[in-house]
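J.: Generate coordinates for the sequence data below:
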Amino acid sequence: MGSPNQRGVRWLRAELPALVASGTISAENAQAIERYYEGKTSGSHKVGFILLATIGSILVAAGIVLLIAHNWDDFSRPVRSVIAFLPLIAAQMLSVFVLMQRGESKAWRESAAIFDVAAVGTAISLVSQTYQIHGSLANFVLVWMLLSIPLVYLMRTTLGAITYLIGTWVWLMARDKAGGFDPIYFWLLLLLVVPYFAALYRRDRGSGETAGLAIVFAAVAAIGLGYTGDFARANIGILAFAGFFAAVYICGIEFFPAANSGRLHLLALLAGVAIGVMTIVLTFEEAWRHQGSLVWPADFPHAMSAAIQLSFPIVAIALAVWSFVRRRVQFSLLAAAFPVVAALGWFLAGSCPRPTGSHTDCDLWAAILLDVYALGLGVELIARGLRANSTARTNFGLLIIAALALARFFDSDLSFVTRAIGFIVIGVGFLLTNLLLFKKRTAV
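T.: Reported below is the predicted structural model:
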């Protein structure tokens with residue numbers, strides 16, 4: 001069961017005395033309601049306590065490190081080694097205490113886990129500095145993250161999982177900068193946190209904790225997909241990202257509950273925005289300039305990277321078909337069809353012979369296809385927003401149409417009068433649509 005609407009719970013608890021006074025409910029029922037929601041409304045306070053405890057632990061650790069660093073050169077190597085392991089030993093002792101005495105306290109587990117992760121990194125760096133063990137930033141981060149991932153499962157820490165994901169991102173950038181980068185290892189590192197996320201999802205898929213981890217996971221995966229495309233050089237980056245955003249959008253709707261107000265889950269909302277932005281970008285001819293036929297790599301690492309890219313549009317289409325078979329389609333049909341439309345545009349752009357670095361007529365046709373798609377997507381979102389009485393969805397559909405018009409106004413030779421009339425028409429559309437929604441809501 002997901003977390004309740006905190007604002008609604010506070011309103012209900014404030015109304016209980018009046019309900020008891022009017023005889024609507026008995027005093028016993030009011031007390032039962034109070035007891036039921038007492039534990040439910042403490043989630044936000046726990047989150048605040050966890051954040052404050054974590055920040056406090058980091059500040060204390062930073063102060064200790066600064067004190068030690070001030071006299072670091074005066075210590076011998078054995079003393080430095082002992083000092084390097086002291087934070088790690090303290091963190092291990094704290095973790096044992098938490099698991100034995102405070103195992104059910106999320107605040108204790110999160111704070112101890114972050115302290116442990118920081119202590120691992122401190123020990124590695126200080127020992128390396130003491131004994132002049134040379135290595136790259138990528139290797140340092142890799143060892144640090146691999147030693148930290150067991151803490152995620154042992155301490156059941158979501159902040160530790162987020163830290164691990166950010167660490168894989170840092171490793172990805174450092175490894176790519178150093179050269180000899182193979183993105184397959186990045187995806188393997190990313191998979192190590194999937195079992196924890198699955199367990200968290202099964203426990204409470206509607207919590208902010210689960211949503212936060214899902215969003216960070218999707219963001220890091222999107223970054224990794226960009227590096228994978230640069231490595232593979234298979235010329236399918238548009239297909240990969242179209243499939244990725246569509247898959248995340250469908251997952252956000254199908255696997256995460258909507259709020260009580262009917263709003264989209266934040267994961268689905270962010271993926272929907274990404275689909276809208278990418279659609280507008282693809283309406284420009286320049287976006288298709290470097291597209292051509294598929295260049296499938298010959299060696300295994302590059303071929304595997306290309307296969308990873310192609311897996312995302314396949315997964316997105318499979319999810320959409322699965323929802324149709326179950327007859328539980330709740331998402332925008334055109335948004336779910338984004339990888340198919342992107343694939344059609346990709347085939348169109350590669351249909352014409354292309355001299356190196358030059359435009360072709362096929363680029364124009366691919367851009368026109370995306371123009372039509374963007375217009376249809378905006379209209380569909382407006383219609384869905386009006387049916388659901390959702391101002392946000394309706395305005396987002398209008399915003400896509402406005403962005404499309406803006407792109408075409410500055411991408412063509414239309415006169416200023418024509419552009420001005422176009423802006424006026426779109427602005428009137430915004431006003432009339434919101435007025436219609438306002439009247440519809442007040443009539444209910």
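J.: buried ones in stretch 220-228?
T.: Val220, Ala221, Ala222, Gly224, Leu225, Tyr227, Thr228 (16 or more other CB atoms under 10 Å). Bear in mind the C-beta positions are built from the backbone N, C-alpha and C, glycine included.
J.: Just the CA atoms of that stretch, as PDB, please.
T.: This file holds the C-alpha atoms of stretch 220-228, laid out as PDB (Å, rounded to 0.1, in the frame of the first residue of the first chain):
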ATOM      1  CA  VAL A 220      22.100   7.500 -14.700                       C
ATOM      2  CA  ALA A 221      21.000   5.000 -17.200                       C
ATOM      3  CA  ALA A 222      20.200   7.800 -19.700                       C
ATOM      4  CA  ILE A 223      23.700   9.200 -19.300                       C
ATOM      5  CA  GLY A 224      25.200   5.700 -19.700                       C
ATOM      6  CA  LEU A 225      23.100   5.300 -22.900                       C
ATOM      7  CA  GLY A 226      24.700   8.400 -24.400                       C
ATOM      8  CA  TYR A 227      28.200   7.100 -23.700                       C
ATOM      9  CA  THR A 228      27.200   3.700 -25.100                       C
END
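J.: Off-centre distance for that stretch?
T.: 12 Å (CA atoms, centre = their mean, to the nearest Å).
J.: Sitting in strands, which of the buried residues of stretch 220-228 do you find?
T.: With strands defined by DSSP state E, no entry of the buried residues of stretch 220-228 lies inside them.
J.: Switch these over to CSV; also include distance to Phe331.
T.: Formatted as CSV, those follow (distance: CB to CB, whole Å):
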residue, distance to Phe331
Val220, 23
Ala221, 20
Ala222, 19
Gly224, 25
Leu225, 21
Tyr227, 28
Thr228, 26
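J.: any idea of the mean pLDDT for stretch 245-254?
T.: Throughout stretch 245-254, pLDDT has a mean value of 92.
J.: Please compute how far that stretch lies from its chain's middle.
T.: In terms of CA atoms, centre = their mean, the centre of stretch 245-254 is found 11 Å from the chain centre.
J.: Figure out how far stretch 192-203 is from the centre of its chain.
T.: The answer for stretch 192-203 is 15 Å, by CA atoms, centre = their mean.
J.: buried ones in that stretch?
T.: Using 16+ other CB under 10 Å as the test for burial, stretch 192-203 gives Leu192, Val193, Tyr196, Phe197, Leu200, Tyr201.
J.: Go ahead and report the secondary structure state at the last one.
T.: In this case it means Tyr201. Judged by DSSP: H, G, I helix; E, B strand; the rest coil, the three-state class of Tyr201 is helix.
J.: Let me know whether it touches Ser207 as I believe.
T.: No: with contact defined as CB atoms under 8 Å, Tyr201 does not count as touching Ser207 (9.5 Å).
J.: which residues of the protein score low on pLDDT?
T.: Residues of the chain meeting the criterion pLDDT under 70: 1-10, 35-75, 180, 258-262, 291-293, 354-359, 411-423, 425-427, 429-434, 436-444.
J.: Nearest residue to the middle of it?
T.: Ile215 (2.6 Å; CA atoms, centre = their mean).
J.: which ones are touching that residue?
T.: Contact analysis of Ile215 by CB atoms under 8 Å, 6 or more residues apart in numbering lists Leu266, Leu267, Leu270.
J.: Which residue, neighbours along the chain excluded, lies closest to Arg80?
T.: Nearest residue to Arg80, sequence neighbours excluded (CB to CB, 6 or more residues apart in numbering): Thr130, at 4.4 Å.
J.: Would you check how far apart the one you found and Ile83 are?
T.: Distance of Thr130 to Ile83, given as CB to CB, to the nearest Å: 9 Å.
J.: Then Thr228?
T.: Plainly put, Thr228 is 41 Å away from Ile83 if you go by CB to CB.
J.: again with Ala123
T.: Distance, Ala123 to Ile83, by CB to CB: 10 Å.
J.: do Met155 as well
T.: From Met155 to Ile83 the distance is 25 Å (CB to CB).
J.: Neighbour count: these two, which is higher?
T.: Met155 (24 against 19; other CB atoms under 10 Å).
J.: surely that one meets Arg109?
T.: Yes: look at Met155 against Arg109 with CB under 8 Å: they come within range, at 4.8 Å.
J.: Give me the common contacts of the two.
T.: Val98.
J.: Counting neighbours, what do you get for Val96?
T.: 11.
J.: what does Leu264 give?
T.: 22.
J.: Helix, strand or coil: sort out it for me.
T.: State at Leu264, reduced to three classes by three-state DSSP: coil.
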